[in-house]
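Participant: Would you be able to build a 3D model of this:
(one chain, ligands or ions: 1)
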Amino acid sequence: MSERLAVVGGGVIGLSCAWAAARAGWRVTLVDAAPASGASWVAGGMLAPVTEAWPGEEPLLELGLASVALWPAWAADLARAAGRPAGLRTEGTVVAATGPGDRAELDTLAAHLGRLGRPVERLSGRELRRLEPALGPDVRGGLSVPDDLSVDNRALLAALRSAAQQAGVVVDRRAARVVGGGPEPRVECVEGPPVQADVVLVSAGAHSSGLHPALAGVVRPVKGEILRLGHRAGAFPMPTRTVRALVDGRPVYLVPRENGLVVGATQSENGFDTEPTAGGVRDLLRDAERIVPGIAEYALVEAAAGLRPGSPDNVPLIGVLEPGLLVATGHSRNGILLAPITAAAVVASLRGDPVPAVVEAADPGRFAGIRR
Ligand code: GLY
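Facilitator: Next up, the predicted model:
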């Protein structure tokens, strides 16, 4: 008889882990009142360890590089299992800067990556416009980072749901209230009987903090607002690569989709507020238009906000929280990027095997409140 795994949270991390565990022989129940509807649904879908890198965050960079290297084979495997595309785009990323302050920030990033033995190509504004004619005249310089990729997050979620279902994952559409490990691991829900399992995995993103006392104060919601724009007939063509930029110190990104762009993202901490604000929409449109002026002709299709599951060091928590209770949360800005390596590490933990070496930095035991 195979063992029972209850996965709490059906975003990109929960679905990826549920699919991987079911393929590894576990009987998996995914507990989520509304799977695939939170931060993973709102996300921009950048797979961007290099252009998210910052001095002091080297373990996160190593984790991200290891995961982005898994992405092409993982996406192909997922597409085969799901019978539908996983949404991966491999055109790469450019980073654009406008004023001197923004160019100085990019110099810091480029120097940091050079010191780590990962030089990036510096380009003038004219060279960037040769690569991406959609970039406007305010772009004065930047970087080309061909190995930072992207994925259509909604195509990805549809593929994961289909692959998980075909692998035997059962979805319990109730809201989890509290989880426990020990000799009788369980998920208590807001209504009905608890879900009993041999192992419970908490992968509920920003909501993980309310499910177990050890996660309270470790994982926190970090709001991000995002826009979806649709290309319209006659409008200036879209960029083909992800475009990231700094505009007067504010970060903005434009991630291509089949027939439009995702523009993101604001960052603020207001508890569990998921309402997009007029100011957030204004900032994103103003900054994105400075970089790609043609978007003024595009359709405004959607404004939404999601809650990134922030962690104190931006590195996720992946591993054992207590006997019978695993955690995969706190992925901060990088949940979609880190899905393949997180799923691999969770399956290793379920088997009692060591996690890949780069995942050791994500050991939940690094936080004082988590004792095992
Ligand atoms: N990964 C981009 C963001 O969190 O906005």
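
Participant: List every C-alpha atom in the helix or strand bottoming out on mean pLDDT in the chain, with coordinates, as PDB.
Facilitator: Using mean pLDDT, DSSP states H and E, helix 100-115 stands out as the lowest-scoring helix or strand of the chain, at a mean of 87. Extracted C-alpha coordinates of helix 100-115, given in PDB (Å, rounded to 0.1, in the frame of the first residue of the first chain):
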ATOM      1  CA  PRO A 100      22.500  57.900 -14.500                       C
ATOM      2  CA  GLY A 101      21.200  56.600 -11.100                       C
ATOM      3  CA  ASP A 102      19.600  53.600 -12.900                       C
ATOM      4  CA  ARG A 103      22.700  52.900 -14.900                       C
ATOM      5  CA  ALA A 104      24.800  53.000 -11.700                       C
ATOM      6  CA  GLU A 105      22.500  50.300 -10.200                       C
ATOM      7  CA  LEU A 106      23.000  48.200 -13.300                       C
ATOM      8  CA  ASP A 107      26.800  48.700 -13.000                       C
ATOM      9  CA  THR A 108      26.500  47.300  -9.400                       C
ATOM     10  CA  LEU A 109      24.600  44.200 -10.700                       C
ATOM     11  CA  ALA A 110      27.000  43.700 -13.600                       C
ATOM     12  CA  ALA A 111      30.100  44.000 -11.300                       C
ATOM     13  CA  HIS A 112      28.500  41.600  -8.700                       C
ATOM     14  CA  LEU A 113      27.800  39.000 -11.400                       C
ATOM     15  CA  GLY A 114      31.400  39.500 -12.800                       C
ATOM     16  CA  ARG A 115      32.900  38.800  -9.400                       C
END
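
Participant: what's the offset of that helix from the middle of its chain?
Facilitator: 24 Å (Cα atoms, centre = their mean, to the nearest Å).

Participant: Can you name the residue of the stretch 51-200 of the chain nearest to the ligand?
Facilitator: residue 52 (6.6 Å; Cβ to the nearest ligand atom). Heads up, the C-betas are built off the backbone N, CA and C, glycines and all.

Participant: number of nearby residues for that residue?
Facilitator: For residue 52, the count of nearby residues is 21 (other Cβ atoms under 10 Å).

Participant: Mind checking what secondary structure it has?
Facilitator: coil (DSSP: H, G, I helix; E, B strand; the rest coil).

Participant: show me what contacts it?
Facilitator: Residues near residue 52 by Cβ atoms under 8 Å, 6 or more residues apart in numbering: 46, 60, 64, 333, 334.

Participant: again with residue 218
Facilitator: Here residue 218 is in contact with 209, 311, 312, 317, 330, 367, 369, 370 (Cβ under 8 Å, 6+ apart).

Participant: Residue 161 touches residue 35, doesn't it?
Facilitator: Yes. Counting by Cβ atoms under 8 Å, residue 161 touches residue 35, with 6.7 Å between them.

Participant: all strands in the stretch 101-250 of the chain, in order from the N-terminus.
Facilitator: Along the stretch 101-250 of the chain, counting by DSSP state E, counting those that start in this stretch, strands occupy 121-124, 141-145, 149-151, 170-172, 176-180, 186-189, 195-196, 199-202, 220-230, 242-247, 250-257.

Participant: What residue in the stretch 151-300 of the chain comes nearest to the ligand?
Facilitator: Relative to the ligand, the nearest point of the stretch 151-300 of the chain is residue 265 (3.5 Å; Cβ to the nearest ligand atom).
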